[in-house]
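Trainee: Return a 3D structure for these sequence lines:
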Amino acid sequence: MSEPDPFPLAGECAALLRVAAGDRRQAAAKAGARAADAGLELRALVDTMLQVAATHWQATGSDSGSDALALLESVREILASLLDGHAGQARAELDRHGSERLTFINDLFTGRVDPGRLAERANRYGIRLSAAHTVLVGRGSGITPEITRRIDTALAARFGAGNTLTALRDGELVCVSAGGLRGIDAELAHLLLGELGTGCWQVAVGRPHPGLSGLTTSLEEARNALDHAAKLHFTSPLLNAADLLVFPVLLRDREAIVDLVTTVLGPLVTARGGPGSYLDVLSVLFDNQGNYTATARQMHLSVRAVTYRLDRIRDLTGYHPGEPTQRFTLQAAVLGARLLNWPTP
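Mentor: Next up, the predicted model:
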């Protein structure tokens, strides 16, 4: 015996044509919402309504132009309300799933839920808490819930729904991926580029770690990478926490890095205009592997002006990036200054 149709679409559409004009909009909107709940697509809704209207017209046997216009107006009103009801219910369902997903991700990272219950919920999303996972974090002012939904759908389509889980958390796009998933960092960056354009976002990738605590560790690595990149003025759209491990190491011994910065760069405070322009030229120079011409081009200066500033740094500090034995010390001091926001206390 076949199961009953969960939503008899043709019957619902036919019934709407018999509803009084004053109640038609509300009835059609409710029918559209029920159709969305039943998983029916908009195309099926529109096609069936038009077929029912054609059958109704044939059954009446009327040739009157005014009757035809009245029927068309009724169908137009019904279709508009059907579509409104369907879209509203679809949005509500997306919001509900998004809320459930965000709650689950929050529970993953806060550890406030019983691990057994959390593991059951994780299975629904294809996550095995005992396996290794990587957390990616996207940060940008234009990332919205709608953009997050589109990115989540695109990642699931490419890598499989059980391999990625994406949500907007505390204003950041957070993506949990299977630890061995290759290419997801580049794909996420590509999707954000398509949504937001260039220059207003960054993605950081934590290292893969096993277990529930590993998720939190990978998340913190990714977020710390973004924080360090902001302090260091790194503009690369894609960052790997593994490439920035030296900075947490530097900051663990804050007293040592403060001593390095003040000893090496302290004399620049006495320069006219302060140390800012000298720190800038050193940062750009190191970014360009010591190339004076590229540094001058990027800073919109002449090569002579760059050379003058570097010579002035040597006169004040005793250090010059052209000296191989001094270059590393000077670069470490400049990076430390950015991390400490030096010379601002």
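
Trainee: Please tell me I have it right and residue 13 contacts residue 46.
Mentor: No: with contact defined as C-beta atoms under 8 Å, residue 13 does not count as touching residue 46 (10.0 Å). The C-beta positions use only the backbone N, C-alpha and C, and glycine is treated the same way.

Trainee: Compare neighbour counts for those two and give me the winner.
Mentor: Per other C-beta atoms under 10 Å, whichever of residue 13 and residue 46 has more neighbours is residue 13, with 25 against 14.

Trainee: check which helix or strand covers the residue nearest in space to the middle of the chain.
Mentor: Taking C-alpha atoms, centre = their mean, the centroid of the chain lies closest to residue 173, which sits 3.2 Å from it. Residue 173 belongs to strand 172-178 when assigned by DSSP states H and E.

Trainee: Check residue 52 too.
Mentor: helix 42-60.

Trainee: I'd like the distance from that helix to the chain centre, please.
Mentor: 42 Å (C-alpha atoms, centre = their mean, to the nearest Å).

Trainee: Let me see the mean pLDDT of that helix.
Mentor: Regarding helix 42-60, the rounded mean pLDDT is 84.

Trainee: export that helix as CSV, just CAs?
Mentor: C-alpha atoms of helix 42-60 as CSV (Å, rounded to 0.1, in the frame of the first residue of the first chain):
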residue,chain,number,x,y,z
LEU,A,42,9.0,26.6,-6.5
ARG,A,43,8.9,25.3,-10.1
ALA,A,44,6.5,22.5,-9.1
LEU,A,45,4.4,25.0,-7.2
VAL,A,46,4.0,27.4,-10.2
ASP,A,47,3.5,24.6,-12.8
THR,A,48,0.8,22.9,-10.8
MET,A,49,-1.0,26.1,-10.1
LEU,A,50,-1.1,27.0,-13.8
GLN,A,51,-2.3,23.5,-14.7
VAL,A,52,-5.1,23.6,-12.1
ALA,A,53,-6.1,27.1,-13.4
ALA,A,54,-6.2,25.8,-17.0
THR,A,55,-8.3,22.8,-15.9
HIS,A,56,-10.6,25.0,-14.0
TRP,A,57,-11.1,27.3,-17.0
GLN,A,58,-11.9,24.3,-19.3
ALA,A,59,-14.4,23.0,-16.7
THR,A,60,-16.3,26.3,-16.6
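
Trainee: Tell me, what's the model's pLDDT at the residue nearest to the centre of the chain?
Mentor: For residue 173, the predicted pLDDT is 94.
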